[in-house]
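Peer 1: Take a look and give me a structure for this.
(2 chains)
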Amino acid sequence: MFGLTPQRRYWLRKRLAKGELWRAVQFKLYRTLERRLGLAQQADWRAKLPLAHADERYLFSQASPDQLRAEYRQHMRVVDGALQGIDVETTYPLIYERDGRFLRYALLPARQRSRGLVVSFHGFNGFQHLGPSQPWEHFDLLTPWDTFGWRRQGSWFWGESGQGFVAELIQGLIAQVQAEQPQRPIFCFGGSMGGFGALWHGLTLGEACLGLYVFMPQVDMVEKVRDDAQAKNSPYRALMGAEGEASLPNLVDLARQRANLPPLLLIQNQYDAVNPYADHAAKLIRVYDEKRAWYGLRVYPASGHFAWGASAEEADYFFRLILDKQPIRPAVPRR
Amino acid sequence: MLVLGIGGFMHDYNCALIDVETQRVAMCEAERLSRRKHHIIQPNEDLLIPILRVCGQLGVRPQQIAIVAFGHSDPFPVKERLKALLPQAHFVDVDHHLAHAAAVFFSSPYDSALIMSLDGFGDGSSGLLARGDGLDIEVHERMSDMNSIGLEYLRATYHIGLGTYGAEGKTQGLAPYGQPIWYERYMEELQVTPEGNLRLSEALQGETAALAAEGGYLNAMLLNNDFLYELLPRRINPEPLTQDHMNLAASIQKVLETVALELAVIGKRRTGEDRLVLSGGVSMNSSMNGVLLASGLFRNIFAFPMAADRGIGIGAALYYVHVIARVPRFFQLKMTFFGGQYSNDDAVHAIEAAGLKAERPDDVAEIAAQAISQGKIVGWFQGQSEMGARALGHRSILADPRQAEMKDIVNHRVKHREWFRPFAPAVLASAAPRYYVYPEGVADLGHMTFTVPTTPLAKAETPATTHVDGTARLQIVPDDSQDNAKYAAVIRRFGQLTGVPVILNTSFNDNNEPIVESPSDAVATFLKTNMDVLVINDVVAWRKD
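Peer 2: Residues are numbered from 1 along each chain as shown, chains lettered A, B, ... in the order given. Coordinates of the predicted model:
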């Protein structure tokens, strides 16, 4: 056939049978059409590199802080729509009260039919924290605002001075919200301080929590307190009580005590100076490994305390996958 | 030549259109149309909406606009979007504070004056002292945004738990309940230089460097500093307001007044001017303006009614027209009624659509005055809406100032806002000296821009509009007002019925919503705020029950 060798004919028949050749032709046609119609963008391979997203003007700069600031101001300003709300309080309109303490929160129903409740934990308040602005597609969204801790910028959704009263407040709030629909599955979501909150509360909820989606979380609070030992002000130290490090919340121990760990998707930058992978996420991953629990780990070859690729949309998808694949069984025990 | 001034790219998106040939001016604040308070521009938003509104007012098309003057020189992305929308226009950047300065000076009746613009921040500055003379603005001193008294006031507001940008007026209202016990400590951290500049210590500046980052005002680090945390913990609403919070409000208010006074003294010395014009968001602080008025330092003072970024569009346009194009001055801001106008038919349609009965009495002023005198609360909507944050009788809620409890009723039942916030009186000019203490002929007191002391008569007869410290943010309405004739008639008739020609006037909106613009906005707010009577132009509706 067409002057091909028997071996070549055999190869072609096999590929045709599998449909691979047809797919290859389709792909070629598609690319050609795209190019002819001018639709194809010249893909810049550098755009795929996380480092390429860093603003090179400010890398290794020798300018003084004032010069840098003046220069920075020329190039970066408020991006349209970046300011979703004028006042963080308005984005947390509801109030949960217990023992004379107030916890502000928001509860946004899902855009479509709700498949569960996501408890979203925000990062340290100091950084452009404005509260939730968008409901999720398939999950009701509960977002407590942590106004406790050092300068009221956040207590890791746990507490202050060795007292985990914020965690109790949040558990009370979740119970109150769940009381309306007790069968609703719960998921936890958050980054950095919110990553710790999502892990702590997800693990505390026990079987009720079906999944965790966290990025660049703090895990080892003792490590954080030691990191900040020389700092004049440390938000981590504010968590510690008179008993010292023993009074800090121990997430790794909490995970070890759980018989079944919920599926976890963890996203982390390789060089995160705030929460280095080895000091934090890795310690939790080790427990997941020990217990042969399900987890996904995505480490970006990027620097900085910034959640590359983490998004509410992906979490929404991840949580739906968990629901669709229920029950999630632990991985095969290690031999 | 049509000149469009446009600004508020961080908040309060607004524009103004000047037809230089016919000397007509139109203005629009986007929040009135979008119903989002302090309208922040969103991605994919139609930026032309307020522009079309001002074009409609002057009967022109956007394609005829020759010049667009931005009220910001920083490179906001929204500028590129506007350039694409108005490709025929020539675009000019006006420094934010020069736009503020131009807004007040070229709107004032003065040929020359000391211009004091104090703000949070904008284009790297937080304020300036300048001299306006004819068609020129000569900057004498510029304050950096690292040394911002406006931002310091906002930090205190945030620390007291009253909110962030736009909530500073609450701190002003709370201040008279406290004692300025931390005033000296504040002043140890703050210096007014002999040249008329400001220096804030590091403890006060906090993380002001975060200004350069995206987020600006909304970056919480920006709103924190060591100084405040040493005084007291930050309050989060709804935790109780304590005496400490009131003392902090009193302290920062006194600091602001001191700084403004010192800057004014230095500015007067440096420019030789005995007339003062005030602009920038800080000038919305009517107590500060009142202190400057009472100081006797100046022969005349004019405080711009849209002093915050709501007035940046008209400022940028006036800057271009006078400073760049050298067009002789023609504009003077005597009133703020530049907004939309709606017909009686619109009113009837909106009222009936809400299931209410629309009536057309002969004299709506009589109906309103009678209702107010009987303790009812009236939603009052007339003619073109006001620009700026103050309702001055075209989009107002009116009530009886004689009942002390009326303040709590309107705060709680109607406006759903904090108990301590005072209400302003509107008084007929002929009666004003009997009730309020102010120097005659120094300032235009028609825009609620000055807080003045009250007389014993006001304290006795109008307790609902007299603040706890015996002051009031006054609006004087000329007896023969042309722009506000029906409003004047209501006050006059109320005076005849009760012997007190003063009414309580507050903006026609619910808490945290913009002032109503259209009859349908007014009906919606009327229905959710427990008012008794709604008057829209010549049409009246009553609450159902």
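Peer 1: going forward, measure contacts and count neighbours with C-alpha atoms only.
Peer 2: OK.
Peer 1: how does chain B divide up, domain by domain?
Peer 2: B:2-100+B:312-324, B:118-303, B:344-542 (automatic domain parsing).
Peer 1: Please identify the buried residues of stretch B:368-378?
Peer 2: Across stretch B:368-378, burial judged by 16 or more other Cα atoms under 10 Å in any protein chain shown covers B:Ala368, B:Ala369, B:Gln370, B:Ala371, B:Ile372, B:Ser373, B:Lys376, B:Ile377, B:Val378.
Peer 1: Phi and psi next, for the residue nearest to B:Asp483 when sequence neighbours are not counted.
Peer 2: If the residues on either side of it in the chain are set aside, B:Asp483 comes closest to B:Met335, at 7.6 Å by Cα to Cα, 6 or more residues apart in numbering or on different chains. When read as degrees, to the nearest 10, the backbone of B:Met335 gives phi -150, psi 170.
Peer 1: For chain A, give the helix that spans the most residues.
Peer 2: When chain A is parsed with DSSP state H, its longest helix is helix A:20-36.
Peer 1: Let's see that helix as CSV, backbone CA atoms only.
Peer 2: Coordinates of the C-alpha atoms in helix A:20-36 are reproduced here as CSV (Å, rounded to 0.1, in the frame of the first residue of the first chain):
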residue,chain,number,x,y,z
GLU,A,20,-4.6,8.5,16.9
LEU,A,21,-3.8,9.4,13.3
TRP,A,22,-7.1,11.0,12.9
ARG,A,23,-6.6,13.1,16.0
ALA,A,24,-3.2,14.1,14.7
VAL,A,25,-4.7,15.2,11.4
GLN,A,26,-7.4,17.1,13.2
PHE,A,27,-4.8,18.9,15.3
LYS,A,28,-2.7,19.8,12.3
LEU,A,29,-5.8,21.1,10.5
TYR,A,30,-6.9,23.1,13.5
ARG,A,31,-3.4,24.7,13.9
THR,A,32,-3.3,25.5,10.2
LEU,A,33,-6.7,27.1,10.3
GLU,A,34,-5.8,29.0,13.4
ARG,A,35,-2.7,30.3,11.8
ARG,A,36,-4.4,31.2,8.5
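Peer 1: Next, format the domains of chain B as TSV and append distance to A:Arg286 and mean pLDDT.
Peer 2: Converted to TSV, the domains of chain B look like this (distance: least, Cα to Cα, whole Å; pLDDT from 0 to 100):
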stretch	distance to A:Arg286	mean pLDDT
domain B:2-100+B:312-324	43	94
domain B:118-303	35	92
domain B:344-542	49	96
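Peer 1: Quick check: B:Lys464 touching B:Glu405?
Peer 2: Small correction: residue B:464 is Ala, not Lys. Yes: the pair B:Ala464 / B:Glu405 is scored as a contact, 6.8 Å apart, by Cα atoms under 8 Å.
Peer 1: Which one's more surrounded, these two?
Peer 2: B:Ala464 (29 against 13; other Cα atoms under 10 Å in any protein chain shown).
Peer 1: what about the more buried one, which SS state?
Peer 2: The three-state label given to B:Ala464 by DSSP: H, G, I helix; E, B strand; the rest coil is helix.
Peer 1: residues near A:Ala315, how many?
Peer 2: A:Ala315: 22 neighbours (other Cα under 10 Å).
Peer 1: what's the answer for A:Gly309, then?
Peer 2: 12.
Peer 1: Please apply the same query to A:Pro93.
Peer 2: Neighbour count for A:Pro93, taken as other Cα under 10 Å: 11.
Peer 1: right, and it touches A:Ala106 too?
Peer 2: Yes: if you go by Cα under 8 Å, A:Pro93 and A:Ala106 touch, sitting 6.0 Å apart.
Peer 1: Quote the end-to-end distance of stretch B:363-380.
Peer 2: Taking Cα to Cα, to the nearest Å, the first and last residues of stretch B:363-380 lie 13 Å apart.
Peer 1: List of residues touching that stretch?
Peer 2: Residues outside stretch B:363-380 that contact it (Cα atoms under 8 Å, 6 or more residues apart in numbering or on different chains) are B:393-400, B:486-487, B:489-491, B:493-494, B:497-498, B:508, B:522, B:526, B:531-536, B:538-540.
Peer 1: now stretch B:523-536
Peer 2: B:344, B:347, B:350-351, B:354, B:364, B:368, B:371, B:376-382, B:413-415, B:508-510, B:516, B:519, B:540-543.
Peer 1: just the buried members of these?
Peer 2: Buried among the contacts of stretch B:523-536 (16+ other Cα under 10 Å): B:347, B:350-351, B:364, B:368, B:371, B:376-382, B:414-415, B:508-510, B:516, B:519, B:540-542.
Peer 1: Now do stretch B:91-109: distance to the chain's middle.
Peer 2: 16 Å (Cα atoms, centre = their mean, to the nearest Å).
Peer 1: and it, C-alpha only, in CSV?
Peer 2: The C-alpha atoms that make up stretch B:91-109 are tabulated as CSV, following Å, rounded to 0.1, in the frame of the first residue of the first chain:
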residue,chain,number,x,y,z
PHE,B,91,-6.1,64.4,26.8
VAL,B,92,-4.4,66.3,29.6
ASP,B,93,-3.2,65.2,33.0
VAL,B,94,-3.9,67.6,35.9
ASP,B,95,-2.1,67.0,39.2
HIS,B,96,-4.7,65.8,41.7
HIS,B,97,-4.1,68.6,44.2
LEU,B,98,-4.0,71.3,41.5
ALA,B,99,-7.4,70.0,40.4
HIS,B,100,-8.6,70.4,44.0
ALA,B,101,-7.1,73.8,44.2
ALA,B,102,-8.6,74.9,40.8
ALA,B,103,-12.0,73.5,41.9
VAL,B,104,-12.3,75.8,44.8
PHE,B,105,-10.4,78.9,43.6
PHE,B,106,-12.1,79.2,40.2
SER,B,107,-15.5,78.5,41.8
SER,B,108,-15.0,81.2,44.4
PRO,B,109,-16.0,84.8,44.1
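Peer 1: and it, which residues are buried?
Peer 2: Under 16+ other Cα under 10 Å, the buried positions of stretch B:91-109 are B:91-109.
Peer 1: where's the nearest residue to B:Ser430 once chain neighbours are set aside relative to chain A, distance?
Peer 2: Spatially, and ignoring its direct neighbours in sequence, B:Ser430 is nearest to B:Asp479 (6.8 Å; Cα to Cα, 6+ apart). As judged by Cα to the nearest Cα, to the nearest Å, B:Asp479 and chain A stand 40 Å apart.
Peer 1: Tell me if B:Asp479 really is in a helix.
Peer 2: No: under the criterion used here (three-state DSSP), B:Asp479 is coil, not part of a helix.
Peer 1: give me the number of residues near it?
Peer 2: Neighbours of B:Asp479 using other Cα under 10 Å come to 18.
Peer 1: same deal with B:Pro43?
Peer 2: B:Pro43, neighbours per other Cα under 10 Å, totals 12.
Peer 1: likewise A:Glu180?
Peer 2: Neighbourhood size, A:Glu180 [other Cα under 10 Å]: 9.
Peer 1: Tell me the spacing between it and B:Thr271.
Peer 2: 68 Å.
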